[in-house]
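1. Make a model of this:
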Amino acid sequence: MTAQHRKERLQDTPVAVTALSADALALRGISDVTQIAGTVPGLVIPTSVGAGTSTNFYMRGVGQFDNYATVDPGVGVYLDGVYIGRSQAGIFDIANVERIEVLRGPQGTLYGKNTIGGLVNIITSKPGPDFSADVRLRGGSRNLLGGMAAINLPLVEDKLFASFSVNASTQDGYVRSAIDPQLANPFGDAPGRFGDKQDISARAAIRYRPNSDLDINLSADMIHRRGTAVAFIARDGSLADGIDPVYATTSNRRTSAGYRAPEENDGKGLALHVDYTFGDITVQSITSYRDSSMLSGGDYDGTPSQFLDQRMALDQNQFSQEIRFSGTSFDDRLKWIGGLFYFHEKFDQEINIYGSEGTLYGLDVDQYISGSTESYAAFLQGTFSVSDTLSVTAGGRYTEDKKDGSVFWTPYYDIFFGSGPVNSRGKWGAFTPHASIEWKMTPDALLYASYTRGFRSGGINGRAGSPASAGTYGPEKLDGFEGGLKSDLFGKRLRANIAAYYNLYKDIQLIAVDTSGTSFPTVNGGEAEVYGAEVELEAQITSQLNVSANYAYTHAQYTDLIPAVTMFSPTLKAGNRLPNAPRHTFSIAGNYVQPVGNAGSELRLHAEYRYRGFVYPFSENEFKNAGYGILDGRVTFAADADRWQLSAYCLNCANKKYIIWGQYRVNTFGFEAVIPGLPRELGLELRAKF
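-> Prediction:
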């Protein structure tokens, strides 16, 4: 467990954190980081299904409200400690992963900006001294075919090791077209199904450990993802009078959309980790370069007519360097860590809007945005043991961000912008402190209380439609107060972890409408109060039966909003719920193991039910996305001391029909446009370990 940048037991970490091991991921059949929602209390991932081009995480009422590259995420994503700057670059297949750590609440001291809701850290397996190989093949519903292979190779005994992994899959879409497949649109026709995907990802790593003090790890990874977006469809019962009922196709997962939008995501990265220990001090350097490209689109009217079709492309690259120093002092009573961080990013984004709703005087709209970010930070944190059972922690981080951007609309926005782009520049600084007290009541029980400040960086206004609104907006701030209990009870047969929190969320970034009605700038437009509680339980009922459960209660409401965000949106008002913040979420899972024969064979049964309460996708609270529950199951026969495994699984076993995202479009198109969730999937998986 490395949530605090040092190795420690999960139960000794005074942070609300969930750790999912490789075995836990395999048990649930999780192959993509977007599938971990439900296994973590309160975590919501309203990511589009199908190929998927972005990973938007929401925790404790905080997430990313806009997919423009000029807006930073509120929940950070890390790969082996490397910060991923864009949600569009944060999709990772689960291959050769050691664990995933999910930290809830602001993490502004050790991790820095854009972690005001929390963070997700994907930690891959390092190459080691022993030979091993892992091969998986699977097939299932909608012509699913997939495979994963990983190998670990010792090259020089006890000094040099390497590992390689590859993951690939293909699957047909699950939303059918209900219209003539030859119907024209800007990029082709709309035959067959929506939501298909074809993925391939790979990773290579080499590790050099000449002695016990020096550890060097070099890794490279790539992902190539292709498919189509799941088109919007009309929600049953939402049609206005006079609208053809062919559009009301939610219940049978059919769409009348005329645009089969592409979804593409390509990414690759290099990372160098160097750890060196001398005496009581360890120095760690993390150097990384990543680049990604994304293409996505959507038929946002959900009809055969060309009202509003969109395509979005993004190219992004980033470089980061972090140096950490850690050690102990005063006879090991003080554990300290400090460091320096540098981050540089460049991006180019293009948004194309087609159709009558995206035109003025019969012309289509193209928007071009380019920008760069340069960020510096320094941090220091220490934990002092007052006694054998009582510790106090204090720390702080200072971050400075510089952003430059250019926004250009064509053709008709030249009326507002003149003949060229509008350039903007912003600079912000923030200090994010942390303080906590930890009491080890017994060797198996930890009680803690903490205060942490987090912030989300400001930015340039990518949605500006006039020079007056094409400036910048400032950072968000969140002051988080948390108390928690971590305990192992009854001879460690029951684990109970509880966290309660209260957050003051200020200067919230919201989309406003200027007085011309043609520009939608981002402004610091509101404040909110967020509080709640989270519970994680795990019980070893017998030597063969294990049961786990989690629950989260979240109260997240706006307490104040400025007129610029309310005057043109009368449904946006104080008292509204924050987007994608369900009041209740819970899950319960059971695992049963039955030995078979005397040859090390086992029969394993796994079942899990996950429930997410209703949410509002937008701050206006016009569209209400109903709550739903999903049941998954898995049966595995393992033989030869776990060397061979054959599994049969079902996802959404009851074939629950639910909505993962939607918009209120009664005023524009006469109905509510939604994206349905995945149907039932049945499959088989064969696994061999050597």
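
2. can you give me the helices in the stretch 451-600 of the chain?
-> Here the stretch 451-600 of the chain has its helices, by DSSP state H, counting those that start in this stretch, at 563-566.

3. what do you get for the stretch 301-450 of the chain?
-> Here the stretch 301-450 of the chain has its helices, by DSSP H, counting those that start in this stretch, at 414-417.

4. packing partners for whichever strand or helix holds residue 120?
-> Following DSSP states H and E, one finds residue 120 within strand 118-124. If you count contacts as 3 or more C-beta pairs under 8 Å, 6 or more residues apart in numbering; DSSP states H and E, strand 118-124 packs onto strand 75-79, strand 97-104. The way it works is simple: take the backbone N, C-alpha and C, and place the C-beta from them, glycine included.

5. could you give the angle of it to strand 75-79?
-> On the basis of axes from the mean of the first three to the mean of the last three C-alpha atoms, to 10 degrees, strand 118-124 is oriented at 10 degrees to strand 75-79.

6. And the contacts of strand 118-124?
-> If you take C-beta atoms under 8 Å, 6 or more residues apart in numbering as the criterion, strand 118-124 is touched by 2-3, 33, 36, 57, 59-60, 62, 75-81, 92, 96-107, 111, 203, 205, 219.

7. could you give the mean pLDDT of that strand?
-> Model confidence over strand 118-124 averages 94 on the pLDDT scale.

8. next helix or strand past it?
-> Downstream of strand 118-124, the first helix or strand assigned by DSSP H and E is strand 132-140.

9. Which positions in whichever helix or strand comes after that next one come out as buried?
-> Downstream of strand 132-140, the first helix or strand assigned by DSSP H and E is strand 144-156. Neighbour-count burial for strand 144-156, counted by 16 or more other C-beta atoms under 10 Å, picks out 144, 146, 148, 149, 150, 151, 152, 153, 154.

10. now do stretch 619-637
-> Buried, per 16+ other C-beta under 10 Å, within stretch 619-637: 619-623, 625, 628-632, 634, 636.

11. pLDDT for these - can I get that in TSV?
-> Shown next, in TSV, are those (pLDDT from 0 to 100):
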residue	pLDDT
619	88
620	87
621	88
622	83
623	83
625	87
628	94
629	95
630	95
631	97
632	96
634	97
636	96
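
12. farthest-separated two in these?
-> 620 and 636 (45.6 Å; C-beta to C-beta).

13. give me the number of residues near the nearest residue to residue 396 once chain neighbours are set aside?
-> Closest residue in space to residue 396, ignoring its immediate chain neighbours: residue 433 at 4.4 Å, by C-beta to C-beta, 6 or more residues apart in numbering. Residue 433 sits with 16 neighbouring residues when counted by other C-beta atoms under 10 Å.

14. one step back: tell me the angle the strand holding residue 120 makes with strand 97-104.
-> 170 degrees.

15. Check the contacts of strand 118-124 for burial and list the buried ones.
-> 3, 33, 36, 57, 59-60, 62, 75-81, 92, 96-97, 99-107, 111, 203, 205, 219.

16. re the thing from before, list the neighbouring strands of the strand holding residue 120 plus their orientation.
-> Strand 118-124 has these partner strands in its sheet, going by DSSP bridges: strand 75-79 (parallel), strand 97-104 (antiparallel).

17. Throw those strands into a markdown table and include distance to residue 678 and mean pLDDT, thanks.
-> Listed next are the strands paired with strand 118-124 as a markdown table, based on distance: least, C-beta to C-beta, whole Å; pLDDT from 0 to 100:
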| stretch | distance to residue 678 | mean pLDDT |
| --- | --- | --- |
| strand 75-79 | 22 | 93 |
| strand 97-104 | 21 | 93 |
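
18. export the ones you listed to CSV and tack on distance to residue 545?
-> What follows is the strands paired with strand 118-124, written out as CSV (distance: least, C-beta to C-beta, whole Å):
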stretch, distance to residue 545
strand 75-79, 34
strand 97-104, 24
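
19. Between these, which one is closest to residue 369.
-> Ranking the strands paired with strand 118-124 by proximity to residue 369 (C-beta to C-beta) places strand 75-79 first, at 21.5 Å.

20. Give me the contacts around that closest one.
-> Residues from elsewhere that reach strand 75-79 (C-beta under 8 Å, 6+ apart): 55, 57-59, 62-64, 83-84, 87, 90, 92, 107, 111, 114-115, 117-122, 124, 221, 269, 271.

21. Among those, which ones are in strands?
-> 83, 84, 118, 119, 120, 121, 122, 124, 221, 269, 271 (DSSP state E).
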